[in-house]
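> Compute the structure for the input listed below.
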Amino acid sequence: MKNLWAKKDADIFFNQVRRLGITRQFADCVYASRLLGRETQLVQHGGGNTSVKLLAKTFDETPINAMFIKASGYNLDQITAEGFVGVNQSALDRLKTRTNMSDEFLIDALGQSRLSFSSPNPSVETLVHSFIPARYVFHTHPEAILALTNQKNGDELIQKATGGKTIVIPYVMSGFPLALQISRALKHNKDNNTIVVLKHGVFTFGDTAQDAYDSMIRVVANSEKFIRSTRKKLKTNPRKPSFKLENLAPVLRGALIPSSATEQRYILSFRNSPVIKNFLGFRNMSRLVKCGPVTPDHAIWTKPKALFLPSNCNSIEIVRAVKNYKRDYERYFEKNNRRYLGKKVMRDSLPRVIFVDGLGVFGVGESLEKAHIVSELAETFAAVALKSESLGFYAPASLRDIFDIEYWGPETAKLPEIKNSPLSGHVLVITGGGSGIGAATATRFKEAGAEVVIMDSDRKTTSALADNLGAMYLWTDVTDKNSLRLAFDKVVQEYGGLDIVISNAGAAWEGEIGTVPEKILRQSFEINFFAHQNVSQAAVEIMKKQNIIGKVGGVILFNLSKQAINPGRNFGPYGLPKAATMFLLKQYALDHGKDGIRVAGVNADRIRSGLLTDKLIAKRAKARGLSAVDYVTGNLLGREVLAEDVAKAFLDLALSKSTTGAVITVDGGNIEASLR
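All right, here's what the predicted structure looks like:
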C-alpha cells in the first residue's frame, strides 16, 4: 500500500474548491477521502467513511461546534463537499454519558443533529467519529486487516503486524455500542491514533488530514508486509468449466424468478478473475463458501452465505439448489428474528452470490448496478478468505452478528430505494435502436426500469444515445447470423439473460412490383423478413433456457407496417416482406407459447424516422396525390403520429402478460389498414 498524499495535489485541489467557500481543512478531508476511495484494497462500494470537526454557523449566524461526515451510501472515490453532512458536534458529545440507546433513538438523534434537515442521512458510524477526540477521523475496511482479524487469534496477529502500536477491540455492533466501546478504549490509550475492530475494519485519526491518512496507509502497509512474510502458499487447482457461461446463465436466471405474482427479474453480474479462479480451485473452497462475509456490513448486499453449484450441475439440480438455499435462509431468518420478537420483515430469501465450480461467480441484483456491487463484494470475499487461510483459518463474525447488521435499520438505509418500476430487473434488446422509433422506444423502456441494449449499425449516433441513456450499445448487422450470435452472447455475458426483444431494424425500398429488379427485392427481404427471423431465433434460444421453472420465457415484439395490410403503390419491395413478418409473428406465438414466450407487434404508419425521412415522405405523398403535411396527418384523428406513440404501444404490449399473437395499430386511424 503506497502513500499517495502529495502536497502539490492537495494545494491544487484546495484552489479548485476554495471559490465555493470551502475551507482548507474541509478541502483536505475531501482530498484524503478521494485518495482512500480509489484504493480498492481499502474501500469497497459505499464502504468507509471520513469526517472533519470544524466551527460552523447556524441559520442565525451563531457559532457552533460541528462535524462534517460522509453521507450514508456515498462513494469516497469521487466524493465532493456535497457528499458530507454537517452535524451538531456539541449535541452528539452529550450522548457520551448514555449507557444504552435504541435504534429508534439513534436514528432520531442523527437526523435531528443535522445542521440542515434537507441534508442526506449521515454515516451509520457518525457516533464513532463524534466520540473520537480528533479533528480528522478516517474509517476503511482494508483487505489486509480483514484477513488478519477474521481469525480466532486476530488480536494477536494485528499486534504482531503493527508492533503493538494499535488499539484492538473485539467485534461489536456498529452504531452506539461501537462508539461507546471505542470511547472507553481511548480513555486508557490517549496517545494512540489507530483502532482496529476485529472482523470489521480500522479507524485512524489525527489533527491534520495528512496525519490521519498517513496512519491509515501505515497500518495497512504493515499488515500487508506481515502477511507476505508469514503466509503459507496455498495449493489451488482451478478447474475448467464443463459448460459455457452463455448456456448456464439463462438457466440460473430463470431459476431465480420467484413464485410471487410480481415475477421480479434479476440481473446477473459475472466475474472470473484470477482471484475467483484460485478461490474455486482451493481444496477448502466448499467450507469457505458456507462462511459469512468478511465484515457483517456486506451482508445487506451479499446475504450471510453464498450458493455453490458444482461444475456438472444440470437444470433440475440448479432449481433444487436455489430452492434449498431459500429454505435455509428462511430458517436462518426465523431463528434470529425470534430475538426481535418477530418484528423484522424478511426482504427475500434468494441467494445474492452464486459461485459455480470451474466457471466463476455471479452477483445477483435488481439492477445491473446492484449486481455489479454484489459481484465486487464476492470477489473481495474470495481474496480475503484466501489470505486468511494462508495465515491460519478463516473465521468470520457469527451468524447472529451478521443478522443484526443485515436487518439493522440504519444499515439497510444504505440500500438504494427500490423504485416501483414495472420493468425493474428486465433486459431489453432493441435492434435499429439508434434513431427514430428505436431511439424513442429504448428511452421509454429505460424510463420503465429496464436494462437496455441497443443493437445498430450506426456506431456514432447509437453510441451517443446509449451513453445518454446509460444503456449498452452493440454494433450489429442484423442480416448476419454470426454478428447476431456474438451480440446476443455479449448480452448474456453482461446481464445473465434476456426478457424482451424488439425487432425493429428495417429499411425501405420502392419499385413497381412487375419491373423491380430481383436484387432489390432480395435485399428488402433480407432485412425486413429474414433479419426478424434471425433475431427471433437467437432470442428464443435464450428464453427457452430461462423458462426453466415454467414461469415466463420472455417477450418478442416486431415493428410491422400498415403495408402488410394496406399496400401502397410502388412500395411492394417493402410491403411484401413486412406482410411475411406479420405471419412470422403469428407462427412464433403459435409455436412458442408453450415456452412461456409471448409474441406481438405494432403496425405503425407514417412515423418520421430514419426509415421514413422527409425525402421519402415527399415521395410517398406524391404517390398518393397529397401534400407532405396531409400525408402525415391523413388519418381519422387528423394528427401526426410520433415515434413516442409507437414506443408506448411497445411498452404496453411488453407489460400485457395475457396478450400474445396480437398486433396493435398505431396510425391515428386508418380503416383500410385496420385488422379487426
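> Mind telling me what element the residue nearest to Glu366 when sequence neighbours are not counted is part of?
Using Cβ to Cβ, 6 or more residues apart in numbering and skipping the chain neighbours, the partner closest in space to Glu366 is Gly425 (4.9 Å). C-betas here are computed from N, CA, C, even on glycine. For Gly425, there is no host helix or strand (DSSP states H and E).
> What of Ile520?
helix 518-525.
> Name the residues of that helix that are buried.
Leu521, Gln523, Ser524, Phe525 (16 or more other Cβ atoms under 10 Å).
> At the geometric centre of the protein, which residue sits there?
When Cα atoms, centre = their mean is applied to the chain, the residue found nearest the centroid is Glu369 (1.5 Å).
> Point out the other helices and strands that whichever strand or helix holds that one packs with.
Of the helices and strands defined by DSSP H and E, Glu369 is found in helix 368-391. Counting contacts by 3 or more Cβ pairs under 8 Å, 6 or more residues apart in numbering; DSSP states H and E, helix 368-391 is packed against helix 143-149, helix 209-230, strand 267-271, helix 274-280, helix 299-302, strand 353-356, strand 360-365.
> looking at the ones you listed, which is buried most?
helix 143-149 (a mean of 28; mean count of other Cβ atoms under 10 Å).
> Just give me how far that one sits from the chain centre.
Relative to the chain's own centre, helix 143-149 is displaced by 26 Å; criterion: Cα atoms, centre = their mean, to the nearest Å.
> quick one: the helices in the stretch 51-200 of the chain?
Assigned by DSSP state H, counting those that start in this stretch, the helices in the stretch 51-200 of the chain fall at 89-93, 103-113, 126-131, 143-149, 154-162, 176-187.
> what helix or strand does Ala439 sit in?
helix 436-447.
> For that helix, buried residues please.
Neighbour-count burial for helix 436-447 [16+ other Cβ under 10 Å]: Gly436, Ile437, Gly438, Ala439, Ala440, Thr441, Ala442, Thr443, Arg444, Phe445, Lys446.
> For the protein, which helix or strand comes out least confident on mean pLDDT?
Using mean pLDDT, DSSP states H and E, the weakest-scoring helix or strand in the chain turns out to be helix 409-412, at a mean of 80.
> these two touch, right, Ser524 and Leu576?
Yes. Counting by Cβ atoms under 8 Å, Ser524 does reach Leu576; the two are 7.5 Å apart.
> For the stretch 451-600 of the chain, which residues score under the pLDDT cut-off?
The model of the stretch 451-600 of the chain has pLDDT under 70 over residues 551.
> Would you map the strands across it?
With DSSP state E, counting those that start in this stretch, the ranges of strands along the stretch 451-600 of the chain come out as 451-456, 472-475, 500-503, 554-559, 597-604.
> Pull up the pairing partners for the first one, direction included.
Think strand 451-456. strand 427-431 (parallel), strand 472-475 (parallel) (DSSP bridges).
> Which of the ones you listed sits closest to Tyr136?
Evaluated over these, closeness to Tyr136 peaks at strand 472-475, with 40.9 Å, by Cβ to Cβ.
> what's the closest one in contact with?
451-457, 459, 462-463, 465-467, 487, 490-491, 494 (Cβ atoms under 8 Å, 6 or more residues apart in numbering).
> Is it possible to mark the buried ones in these?
451-457, 462-463, 465-466, 487, 490-491, 494.
> Going by distance to Thr230, which of the residues you listed wins?
Looking across these and measuring by Cβ to Cβ, the closest to Thr230 is Glu494, at 40.1 Å.
> Identify the farthest-apart pair in the buried ones among the contacts of strand 472-475.
Across the buried ones among the contacts of strand 472-475 (Cβ to Cβ), the longest gap, 21.6 Å, separates Glu451 and Ser457.
> just to revisit the earlier point, now tabulate the buried residues of helix 436-447 in a markdown table and tack on pLDDT.
As requested, the buried residues of helix 436-447 are exported to a markdown table (pLDDT from 0 to 100):
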| residue | pLDDT |
| --- | --- |
| Gly436 | 91 |
| Ile437 | 93 |
| Gly438 | 95 |
| Ala439 | 95 |
| Ala440 | 96 |
| Thr441 | 97 |
| Ala442 | 97 |
| Thr443 | 97 |
| Arg444 | 97 |
| Phe445 | 98 |
| Lys446 | 97 |
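> and among the helices of the stretch 51-200 of the chain, the most buried is which?
Among those, helix 143-149 has the highest mean neighbour count (mean count of other Cβ under 10 Å), at a mean of 28.
> For it, give me every contacting residue.
By Cβ under 8 Å, 6+ apart, helix 143-149 touches 1, 41-42, 154, 157-158, 161, 196-202, 219-220, 223-224, 226-227, 294-295, 380, 383-384, 387-388, 391.
> Identify, from the buried ones among the contacts of strand 472-475, the entry nearest to Phe583.
For those, the residue nearest Phe583 by Cβ to Cβ is Met455; the value is 23.8 Å.
> between the helices of the stretch 51-200 of the chain, which has the poorest average model confidence?
Lowest mean pLDDT of the helices of the stretch 51-200 of the chain: helix 103-113, a mean of 91.
> just the angle between that one and helix 176-187, please?
For helix 103-113 against helix 176-187, the angle by axes from the mean of the first three to the mean of the last three Cα atoms, to 10 degrees is 70 degrees.
> Mind exporting the C-alpha coordinates of helix 103-113 to PDB?
Output of helix 103-113 as PDB, limited to C-alpha atoms (Å, rounded to 0.1, in the frame of the first residue of the first chain):
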ATOM      1  CA  ASP A 103     -32.200   2.100  17.200                       C
ATOM      2  CA  GLU A 104     -35.100   4.500  17.100                       C
ATOM      3  CA  PHE A 105     -33.400   7.000  19.400                       C
ATOM      4  CA  LEU A 106     -30.200   6.700  17.300                       C
ATOM      5  CA  ILE A 107     -32.000   7.400  14.000                       C
ATOM      6  CA  ASP A 108     -33.800  10.400  15.600                       C
ATOM      7  CA  ALA A 109     -30.600  11.700  17.200                       C
ATOM      8  CA  LEU A 110     -28.600  11.600  13.900                       C
ATOM      9  CA  GLY A 111     -31.500  13.100  11.900                       C
ATOM     10  CA  GLN A 112     -32.000  15.900  14.400                       C
ATOM     11  CA  SER A 113     -28.300  16.600  14.800                       C
END
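> Would you mind listing the outside residues contacting it?
87-88, 91-92, 95, 101, 117, 121-122, 126-127, 175-176, 408-410.
> Quick check: buried residues in the helix or strand just after the helix holding Glu369?
Per DSSP H and E, helix 368-391 leads on to helix 399-406 as the next helix or strand towards the C-terminus. Neighbour-count burial for helix 399-406, counted by 16+ other Cβ under 10 Å, picks out Leu399, Asp401, Ile402, Phe403, Asp404, Ile405, Glu406.
> Report the two of these separated the most.
Within the buried residues of helix 399-406, Leu399 and Ile405 form the most distant pair, 11.0 Å apart (Cβ to Cβ).
> packing partners for the helix holding Ile520?
helix 572-592.
> Would you list the phi and psi of Val666?
phi -130, psi 90 (degrees, to the nearest 10).
> again with Gly292
According to degrees, to the nearest 10, Gly292 has phi -80, psi 180.
> which ones are touching it?
Gly292 touches Ala299, Pro304, Lys305, Pro396, Ala397, Ser398, Leu399, Ile402, counting by Cβ under 8 Å, 6+ apart.
> Alright, that wraps it up for me.
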